[in-house]
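J.: Pasting the sequence and the predicted coordinates here, then a few questions.
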Amino acid sequence: MSAANPLHLDLVGIAAAIARREVSSVEVTRACLAEAERLQPELNLFIRIDGEEALAAAAAADAAVARGDELGPLHGVPLAHKDMYYRAGRVVTCGSEIRRNWVADTTSSALERLSAAGALNLGTLNMSEFAMGGTGHNYHYGHCRNPWKVTHVPGGSSAGSGAGVAARLFYGALGSDTGGSIRLPAAFCGVTGIKPTQTRVSRYGAMPLSFSMDNVGPLARSARDCARLLKIIAGADTRDPTCSGRPVPDYEAGIDGGVAGLTIAVPTNHYLDNLHADVLSAYEAALDLFRRLGATTVEVEVPDHDLMLGAIHTVISVEAATYHGPWLRKRPGDYSQAVRSRFEPGLYYPATRYLEALNLRGPMLQAFEAAVFAKADVMLTPVLSTPVPTLAATDAHSNPDGSRAAAAVARNTRPINYLGLPALAFPGGFSSNGLPIGLQAVGRAFDEATLFRLGHAYQQETRWHERVPPLAAGNE
Amino acid sequence: MGELLAEAFLMACWPIGPAHAIPWSFDEKQRGEQGMSKDPLTDDYVRDVARSAQGVKISPEDATVVALTIGPFNRMVREAALDLPFEAEPAGFLLALEAGSPR
């Protein structure tokens, strides 16, 4: 980590530096904006950059520091968010042609809570059209690119969130996760992201894709950064009746607890199928490290994941097609072919199949808990079984095999959405193609704290999360 | 695909069939009276189902793709659901989530 370059500090570090007046929010924001402008042609990760607004907010933040005001935990820290979080009076495209000029009339609860904590906003981030896609292709605003290698996908649908955190353009970002859309870009770009327990974070003012599976969550540079962000955005919200009223723990407080005494489940089926040698090597190295740190590992056989994948496909398809029904009928040509072809089949499922797929969730969760959490505290898996693919190999428009290849990336993430459990994705090394390998820790419901503790322990030993892409500032 | 078509056929009949006689099965003559294709295994049939059920224009080719796409998921979910208790409902999932995992 370069102490001289504030862009290389993590979110917790830059918040402390601003509060201690070691660096001003204006300096930091200027540096972020300069990098955003420099890298935008290469990475295409912003949909809109709100530079003047961010600088004005940074100046106000510095004035508050100078006055000695009480500061929030993100005071003066530049963030940016997936362009599906509504902000009143602002265009929110959702990565789509249909909403290219749509102006929101309300502000999402997650954005409000981040602002109340003192965070700044640099702009809106590129994403898969309507959050439907795991690679980061976007046929309306241009494909977002992976900062480690611009010929490769950044992962989606929160593509700009993952790519921008990795490229050190901002310190954290909101993503959303319906089938892996936080964990995939986190893994593909070498950053950390958490899909919280279903109902942990309010979804008010977040574009819906599938209300049974949607989750709001952060991506940032480390487990500790994500712990701070989740603490801020989680908790009851009268505007989202599905949001849990459980108290939100102070995730940072116990993050240094280590993994001694934890039991880590190693699945013998599904998650380790057909692993590329690079991924297997990284996965085994992680298990070895956790054992050295005092954890024990135990093999588990998880219940039928093909069924879970079938059921979640049914639920997402039907719910997404329901939301999009009017546009599918009136403006079908305004969707990309790739996304329309994913939405449309949802119109044709019998209602009984949809409800059966939802009804199976409870029994499947109980079967999974009995198989895994009766023996272990956490399950560890790779996020993706192969190295990160190229844009070309997963392009549904130009490559006949692209749709299948793109759909395959969510094989290890989608079941966790169906189960509603929390999962932390964090960098676990690099494959021979020079791109990051991501690991996924799955926890008990509402036990995000253990995931952060495990991720933090791993990151203190490996430091993979501090690696910076060659094109990032100070690393040219 | 046959099972899918049978389900889709029923689905399609609801909005266009006579309200007093829910058509649980059709012979060839009745299919004709309902304005449906004669052969339930042709692409034309799938197209008719899609158009009748949803009012969306869809080509026979697209309808076939849709049928092939959703067919396996339909079968998988239905077979698994056969083992569910009669009283199962989606809220059971949230209760299971809130109840937490064994420790």
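T.: Ah, there it is. Numbering: from 1, shown residues only, chains lettered A, B, ... in the order given.
J.: pull the CA atoms of the longest helix seen in chain B into PDB?
T.: Scanning chain B for the helix with the most residues, using DSSP state H, yields helix B:60-81. Extracted C-alpha coordinates of helix B:60-81, given in PDB (Å, rounded to 0.1, in the frame of the first residue of the first chain):
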ATOM      1  CA  PRO B  60     -43.000 -19.900 -34.100                       C
ATOM      2  CA  GLU B  61     -39.300 -20.100 -33.900                       C
ATOM      3  CA  ASP B  62     -39.200 -18.000 -30.800                       C
ATOM      4  CA  ALA B  63     -42.000 -19.900 -29.300                       C
ATOM      5  CA  THR B  64     -40.200 -23.100 -29.700                       C
ATOM      6  CA  VAL B  65     -37.100 -21.600 -28.100                       C
ATOM      7  CA  VAL B  66     -39.200 -20.400 -25.200                       C
ATOM      8  CA  ALA B  67     -40.800 -23.800 -24.800                       C
ATOM      9  CA  LEU B  68     -37.500 -25.500 -24.900                       C
ATOM     10  CA  THR B  69     -36.000 -23.000 -22.400                       C
ATOM     11  CA  ILE B  70     -38.700 -23.300 -19.800                       C
ATOM     12  CA  GLY B  71     -39.600 -26.900 -20.200                       C
ATOM     13  CA  PRO B  72     -36.700 -28.400 -18.100                       C
ATOM     14  CA  PHE B  73     -37.200 -26.000 -15.300                       C
ATOM     15  CA  ASN B  74     -41.000 -26.600 -15.200                       C
ATOM     16  CA  ARG B  75     -40.400 -30.300 -15.000                       C
ATOM     17  CA  MET B  76     -37.700 -30.100 -12.400                       C
ATOM     18  CA  VAL B  77     -39.700 -27.800 -10.100                       C
ATOM     19  CA  ARG B  78     -42.900 -29.800 -10.500                       C
ATOM     20  CA  GLU B  79     -41.300 -33.100  -9.700                       C
ATOM     21  CA  ALA B  80     -39.700 -31.600  -6.500                       C
ATOM     22  CA  ALA B  81     -42.900 -29.900  -5.500                       C
END
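J.: For the residue nearest the centre of chain A, which residues are in contact?
T.: For chain A, the residue nearest the mean C-alpha position is A:Ile182 (2.0 Å; C-alpha atoms, centre = their mean). Going by C-beta atoms under 8 Å, 6 or more residues apart in numbering or on different chains, A:Ile182 touches A:158, A:161, A:175-176, A:193-195, A:215, A:217-219, A:425. Just so you know, the C-beta spots here come from the backbone N, C-alpha and C atoms, and that holds for glycine as well.
J.: thinking again about what came up before, which elements pack onto the longest helix of chain B?
T.: helix A:305-330, helix A:351-359, helix B:2-16, helix B:43-54 (3 or more C-beta pairs under 8 Å, 6 or more residues apart in numbering or on different chains; DSSP states H and E).
J.: hang on, isn't A:Pro422 packed against A:Thr197?
T.: Yes. A:Pro422 lies in contact with A:Thr197 (C-beta atoms under 8 Å); the separation is 4.6 Å.
J.: Give me the distance from stretch A:298-314 to the chain's centre.
T.: Its chain's C-alpha centre and that of stretch A:298-314 lie 22 Å apart, by C-alpha atoms, centre = their mean, to the nearest Å.
J.: Endpoints of that stretch, how far apart?
T.: This stretch, stretch A:298-314, spans 32 Å end to end (C-alpha to C-alpha, to the nearest Å).
J.: That stretch near chain B at all?
T.: Yes. Residues of stretch A:298-314 contacting chain B under C-beta under 8 Å from any C-beta of the partner chain: A:304, A:306-307, A:310-311, A:313-314.
J.: Please list the outside residues in contact with that stretch.
T.: A:179, A:213, A:263-271, A:349, A:353-354, A:357, A:360-361, A:364, A:367-368, A:371-372, A:375-376, A:379, A:411, A:414-415, A:417-419, B:70, B:72-74, B:76-77, B:80.
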